[in-house]
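A.B. asks: Sequence and predicted structure below; questions after.
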Amino acid sequence: MCHFVTGVVSGKITLEEINAVGREFNLRFQIFQNEFVQKQLQDGEIYIQKLCGVCDCDTPIGMLNRNYGNHVKRAKDSDIEKLKRKGWSGMKIQRYMDGKNKKAEQVAKAPAESEIRKWTDFLEKLFAETSVKAFGILLHFYSGGIEAERTTINKRVPIKKSELTARHLLEIEEDALYIVA
């Protein structure tokens with residue numbers, strides 16, 4: 001179905017305070033109800049969802065770890081078969097595919113950088129201007145209703161707020177809760 005960005009907040013902070021900071025960065029959040037996920041949260045954590053038009057499939061969060069499915073693998077396999085028919089060696093094909101993948105990553109990253117900067121600036125300001133203790137980000141590909149999906153948080157990844165970089169957000173893995181504190 002679609003990707004959605006959810007997460008958690010903890011500390012003496014209200015949704016209104018989060019959204020007041022988020023307004024500057026065109027980010028809005030709502031309290032989110034998913035009983036299965038909420039059972040996996042720690043005491044004091046509030047589960048939230050980033051509000052969006054339809055879904056977050058175009059989010060740059062986690063884009064460097066995203067699996068776009070079998071259609072990408074089939075396209076790569078097709079390219080490799082064409083090059084083999086042209087008589088290219090395995091080593092030459094590998095160098096070509098590595099270069100192609102690197103270029104595709106650079107092209108995809110360019111527009112994502114401003115979107116990721118929005119998130120890093122938002123988090124920096126949120127920590128500076130509110131009493132938020134931690135802000136967590138969870139990316140999940142939902143196959144059904146988002147309120148009822150049985151999403152399992154595979155791991156919790158702590159990130160010190162002073163060490164947060166755009167690369168952290170670009171490399172977020174699905175179903176891992178990244179906690180900036």
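C.D. replies: Structure's in. What do you need? None of these values were measured; they are calculated from a predicted model.
A.B. asks: Where does pLDDT dip in this protein?
C.D. replies: Along the chain, segments meeting pLDDT under 70 span 1, 66-76, 100-111.
A.B. asks: Can you list the residue ranges for strands in it?
C.D. replies: Assigned by DSSP state E, the chain shows strands spanning 2-11, 29-31, 46-50, 132-142, 155-159, 176-180.
A.B. asks: Now do residue 52 against residue 151, distance only.
C.D. replies: 17 Å (CB to CB, to the nearest Å). To be clear about C-beta, it is placed using only N, CA and C from the backbone, and glycine gets the same treatment.
A.B. asks: which helices and strands does the longest helix belonging to the chain pack with?
C.D. replies: Using DSSP state H, we find that the single longest helix of the chain is helix 90-129. In terms of contacts (3 or more CB pairs under 8 Å, 6 or more residues apart in numbering; DSSP states H and E), helix 90-129 is packed against helix 15-23, helix 70-85, strand 132-142, helix 166-170.
A.B. asks: Pull the distance from it to the chain's centre.
C.D. replies: On the basis of CA atoms, centre = their mean, to the nearest Å, helix 90-129 sits 12 Å off its chain's mean C-alpha point.
A.B. asks: swap in stretch 14-26?
C.D. replies: That offset, for stretch 14-26, works out to 19 Å (CA atoms, centre = their mean).
A.B. asks: Same question for it: list its buried residues.
C.D. replies: 17, 18, 21, 22, 25 (16 or more other CB atoms under 10 Å).
A.B. asks: Identify the residue nearest the last one in space, chain neighbours excluded?
C.D. replies: Spatially, and ignoring its direct neighbours in sequence, residue 25 is nearest to residue 122 (4.3 Å; CB to CB, 6 or more residues apart in numbering).
A.B. asks: same question, the first one
C.D. replies: Excluding the flanking residues, the one nearest residue 17 by CB to CB, 6+ apart is residue 130, at 5.0 Å.
A.B. asks: doesn't residue 21 make contact with that neighbour?
C.D. replies: Yes. Residue 130 is within contact range of residue 21, at 6.6 Å (criterion: CB atoms under 8 Å).
A.B. asks: just checking, residue 148 touches residue 34?
C.D. replies: Yes. Counting by CB under 8 Å, residue 148 does reach residue 34; the two are 7.4 Å apart.
A.B. asks: Have a look at the two and say which one is more surrounded.
C.D. replies: residue 34 (20 against 12; other CB atoms under 10 Å).
A.B. asks: I'm done for today, thanks for sticking with me.
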